[in-house]
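**Student:** Here's a sequence, model it:
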Amino acid sequence: MDPKDNTSTASCESPVCVHNPHLDSLKDDILYHFSLGTGTHNLPAMFGDVKFVCVGGSPWRMMSFIKYIAAELRMEDPKSEYPNICAGTDRYAMYKVGPVLSVSHGMGIPSIAIMLHELIKLLHHSHCTDVTIIRIGTSGGIGLEPGTVVVTKQSVDATFLPKFEQVILGKTVVRNTDLDQSLAEELLQCSKELNQFETVIGNTMCTLDFYEGQARLDGAFCSYTETDKQDFLNRANEAGVCNIEMESSVFAAMCKLSGLRAAVVCVTLLDRLKGDQLSSSSEVLHDYQHRPQVLVSCYIKKQLKAKAARR
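**Tutor:** Modelled structure (predicted):
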């Protein structure tokens, strides 16, 4: 394994690539953290029609999204409670309506990485094709009005470099964090058509921590000053960083490796240049958190309408 780069992709007949020859020797593939498996579930029957996957941090938010998209696609069943497909585990939650899958991923790189390994395998085993995956979430903005939606151009690390590093077998492997630019532009166009809130395309900084890693002054520990914080955030802004969160780098890297068309859509809850703690009311924050759902729903509806027109 090349410790500097592992972005090359092997030939893969499946539309969703897994790049793991060891999977062929498994009698059954157990997706442990989903409480699903090839030997216990008919994955193609359950998920073979999936075209859009939306992932986000909290189970509540992803339940909210599936209810919203069901109504928007007019697939809503008044009697449906949208059961959690992963009810056999308390790690993640998964919901489905029509061609849309909604999955929670927890908080931070390790949590979303575990989920993505099993999600990518699930899509692969289900023989899904032409899948678009979008992370919807919240973030801290830099120089943006709270409530602004950021569609990520590149995910950068805390040194503002577009890369994701992981130690594998004691060696540092560096992977690319580019996202699908045409998808980002399509999402931006949807926002213009909605004309409900400000949306921008920019770089997103992905950190390993919510407090010191994001230059907050309100954690249990802090060894820097307000001036140091402002200097760091301004340097990030000059590097094209519009917002900060904790999942986009590994999300971009893994989606690129598996051949999935991917985007990150996060709303900003505050301007980090003006403070570290949320001061908006719960009603305002709820409205902000709904904005990525509205934008992604618009995109999905537009794509399904275009597909139906081509038939």
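**Student:** Next, the residue nearest the centre of the chain: secondary structure please.
**Tutor:** The chain has Arg135 as the residue nearest its centroid, 2.3 Å off, counting by CA atoms, centre = their mean. Assigned state for Arg135: strand (three-state reduction, DSSP: H, G, I helix; E, B strand; the rest coil).
**Student:** can you count the residues close to Ser25?
**Tutor:** Using other CB atoms under 10 Å, Ser25 has 6 neighbouring residues. Glycine gets a C-beta too; all of them are placed from N, C-alpha and C.
**Student:** do Leu26 as well
**Tutor:** 11.
**Student:** Got phi/psi on Gly219?
**Tutor:** Gly219 adopts backbone torsions of phi -80, psi -180, taken as degrees, to the nearest 10.
**Student:** Could you tell me the model confidence score at the nearest residue to it once chain neighbours are set aside?
**Tutor:** Using CB to CB, 6 or more residues apart in numbering and skipping the chain neighbours, the partner closest in space to Gly219 is Tyr211 (3.1 Å). Looking at Tyr211, its pLDDT is 98.
**Student:** beta partners of the residue nearest to the centre of the chain?
**Tutor:** Val55, Val264 (DSSP bridges).
**Student:** hmm, back to that, the residue nearest to Gly219 contacts Asp218, correct?
**Tutor:** Yes - at 7.3 Å, Tyr211 counts as touching Asp218 under the criterion of CB atoms under 8 Å.
**Student:** Of the two, give the one with the bigger neighbour count.
**Tutor:** The neighbour count for Tyr211 versus Asp218, taken as other CB under 10 Å, is higher for Tyr211 (15 against 9).
**Student:** Would you mind measuring from that one to Glu193?
**Tutor:** Note on Tyr211: its distance to Glu193, by CB to CB, to the nearest Å, is 38 Å.
**Student:** quick one, helices of this protein?
**Tutor:** For the chain, helices defined by DSSP state H occupy the ranges 43-47, 59-72, 109-125, 181-194, 226-238, 248-258, 282-310.
**Student:** Now render those helices as JSON lines, adding distance to Thr148 and mean pLDDT.
**Tutor:** What follows is those, written out as JSON lines (distance: least, CB to CB, whole Å; pLDDT from 0 to 100):
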{"stretch": "helix 43-47", "distance to Thr148": "34", "mean pLDDT": "98"}
{"stretch": "helix 59-72", "distance to Thr148": "18", "mean pLDDT": "95"}
{"stretch": "helix 109-125", "distance to Thr148": "23", "mean pLDDT": "98"}
{"stretch": "helix 181-194", "distance to Thr148": "10", "mean pLDDT": "98"}
{"stretch": "helix 226-238", "distance to Thr148": "14", "mean pLDDT": "98"}
{"stretch": "helix 248-258", "distance to Thr148": "16", "mean pLDDT": "97"}
{"stretch": "helix 282-310", "distance to Thr148": "9", "mean pLDDT": "95"}
